[in-house]
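*Asks:* no FASTA, just this:
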């Protein structure tokens with residue numbers, strides 16, 4: 001088994017160690033990078049060449065190509081002789097990343113592993129294990145190969161941040177759908193990696209987070225914290241924006257008729273519903289089954305409906321999603337488990353029941369389940385609430401398909417959270433006259449960066465140093 005070229009053990013992971021130039025992608029890509037992807041990749045490559053650990057957020061809506069940019073960043077790191085980890089919030093999404101990246105890197109001689117509670121798998125390049133395309137091995141074997149550095153890229157869920165997982169020279173941590181993880185989980189890999197006895201002890205890996213909608217606290221840190229942002233604001237050619245409509249109870253039947261027309265045209269649809277108050281006494285299984293029965297018997301008796309909920313085993317979830325993708329179902333009824341990890345280009349309509357019960361971030365993620373193919377797609381937000389707050393929140397989704405627009409609205413409505421703390425929403429501890437004044441925050445951040453660059457120990461700014469010291473003692477620093 002051969003490995004990529006290795007250089008001196010340093011977390012700096014300079015892109016100059018790579019045989020290729022900063023902007024060059026593998027020659028076998030089946031598509032051309034967008035201008036936004038090229039710009040984001042260049043920013044990340046530049047960060048990877050610095051001794052200071054990267055802390056960057058890659059933001060782009062569904063279909064903008066975040067995963068490809070992250071994969072190219074991983075490739076650059078691996079070619080320099082280091083390991084990469086990619087963490088996803090669900091087994092379904094982790095498996096999807098494993099399959100797509102293995103295919104993308106099929107000619108790159110890179111060993112990739114998948115580690116979740118249900119799966120321990122390696123890709124075909126791992127010749128010492130099997131010549132099969134996908135090779136299942138024991139968890140202990142996978143961890144041993146990882147610790148020896150023979151696995152270059154490990155993809156998984158929170159299973160990859162357990163105590164018994166050890167790397168040889170991890171230099172880049174990628175966290176997908178970062179808003180799904182808590183603050184402590186996101187920081188765990190960077191902090192705990194210091195204890196690894198691999199010759200790089202004490203070195204902190206670079207961190208690249210990905211999301212389609214930054215939560216308020218993340219957006220706040222981006223403006224007045226240590227988080228840099230790369231934005232993929234350019235969609236691939238022929239990608240149409242999703243049309244979003246708020247649907248009242250009076251318009252319900254009309255929306256159902258529209259779904260029928262789409263299905264007659266060969267398309268498919270999602271129906272998403274929350275576990276409402278009266279369902280708390282029931283299990284998720286009973287609530288999901290009841291909704292599926294209502295739609296199957298009363299609304300769409302002539303159509304085929306599938307059911308997806310969180311109580312299914314991983315293998316059962318995969319089967320349901322594969323069946324839906326293969327058009328065995330016209331409509332997929334699901335709970336919030338559908339938020340990430342489902343890619344069905346033929347699905348063009350998504351109905352979200354009781355939309356006011358979900359956060360804007362979740363709603364934006366749900367909406368991203370459609371609009372993945374060539375056909376015009378639609379998102380219907382069903383609500384029985386007519387309050388000003390509901391209209392304002394859901395109206396943000398009607399007006400924009402931009403993840404940053406949605407996050408800014410969420411920021412204005414909820415606040416940035418306990419700044420430098422572990423809460424994700426609520427009023428900030430650090431007072432700001434106008435949280436919507438993005439320009440003022442950006443300017444303030446630039447001045448702060450300039451001060452640190454010229455006076456890193458703040459010897460010429462004693463009062464500022466004292467205030468920071470007091471802050472450091474009183475709050476949790478991520």
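*Replies:* All right, it came through fine. Quick caveat: nothing in here was measured; it's all calculated off a predicted structure.
*Asks:* just so I have it, where are all the helices in this protein?
*Replies:* Under the criterion DSSP state H, helices of the chain are mapped to 35-48, 66-79, 91-104, 139-148, 183-192, 216-224, 252-264, 284-294, 314-325, 360-367, 388-399, 403-414, 438-454, 462-474.
*Asks:* what angle sits between the longest one and helix 403-414?
*Replies:* Our comparison of helix 438-454 with helix 403-414, counting by axes from the mean of the first three to the mean of the last three CA atoms, to 10 degrees, yields an angle of 100 degrees.
*Asks:* Phi and psi next, for residue 89.
*Replies:* Dihedral pair for residue 89: phi -80, psi -20, per degrees, to the nearest 10.
*Asks:* That one: neighbour count?
*Replies:* Residue 89 has 20 neighbours, counted by other CB atoms under 10 Å. To be clear about C-beta, it is placed using only N, CA and C from the backbone, and glycine gets the same treatment.
*Asks:* Distance of it relative to residue 203?
*Replies:* 26 Å (CB to CB, to the nearest Å).
*Asks:* for residue 461, same thing?
*Replies:* Distance from residue 461 to residue 203, counting by CB to CB: 29 Å.
*Asks:* Neighbour count: these two, which is higher?
*Replies:* More crowded of residue 461 and residue 203, by other CB under 10 Å: residue 203, with 20 against 15.
*Asks:* Sketch out the low-pLDDT regions of the stretch 201-350 of the chain for me.
*Replies:* Within the stretch 201-350 of the chain, the ranges that satisfy pLDDT under 70 run 201-202, 214-226, 275-285, 339-341.
*Asks:* need the contact list for residue 63.
*Replies:* Applying CB atoms under 8 Å, 6 or more residues apart in numbering to residue 63 gives the contacts 235, 236, 239, 368, 371, 372.
*Asks:* Let's see which of these end up in strands.
*Replies:* Per DSSP state E, strands hold no members of these.
*Asks:* Narrow these to those that are buried.
*Replies:* 235, 239, 368, 371, 372 (16 or more other CB atoms under 10 Å).
*Asks:* Check the gap between the nearest residue to the second one once chain neighbours are set aside and residue 236 for me.
*Replies:* It stands for residue 239. Computed as CB to CB, 6 or more residues apart in numbering, the closest residue to residue 239 that is not its neighbour in sequence is residue 63, at 5.8 Å. Taking CB to CB as the measure, residue 63 falls 7 Å from residue 236.
*Asks:* and if you look at residue 367?
*Replies:* Taking CB to CB as the measure, residue 367 falls 17 Å from residue 236.
*Asks:* can you check residue 249 too?
*Replies:* 37 Å.
*Asks:* Return the residues in contact with the residue nearest to the spatial centre of the chain.
*Replies:* Among the residues of the chain, residue 177 comes closest to the average C-alpha position under CA atoms, centre = their mean, at 1.8 Å. Contacts for residue 177 (CB under 8 Å, 6+ apart) come out as 88, 89, 93, 210, 211, 212, 340, 365.
*Asks:* pLDDT score for it?
*Replies:* Listed pLDDT for residue 177 reads 77.
*Asks:* Is residue 379 in contact with residue 348, as I believe?
*Replies:* No: under the criterion of CB atoms under 8 Å, residue 379 makes no contact with residue 348, lying 10.0 Å away.
*Asks:* Tell me which of the helices of the chain sits nearest to residue 155.
*Replies:* Residue 155 lies closest, by CB to CB, to one member of the helices of the chain: helix 91-104, at 4.8 Å.
*Asks:* So which bits of that closest one are buried?
*Replies:* Neighbour counts over helix 91-104 (16+ other CB under 10 Å) mark 91, 92, 93, 94, 95, 96, 97, 98, 99, 101, 102, 104 as buried.
*Asks:* Tell me which two of those residues sit farthest apart.
*Replies:* Longest span within those, CB to CB: 91 and 104, 20.2 Å.
*Asks:* Give me the contacts around stretch 246-264.
*Replies:* With CB under 8 Å, 6+ apart as the test, stretch 246-264 has contacts from 268-269, 299-300, 303, 330-331, 348-349, 351, 355, 378, 380-384, 386, 391, 394-395, 398.
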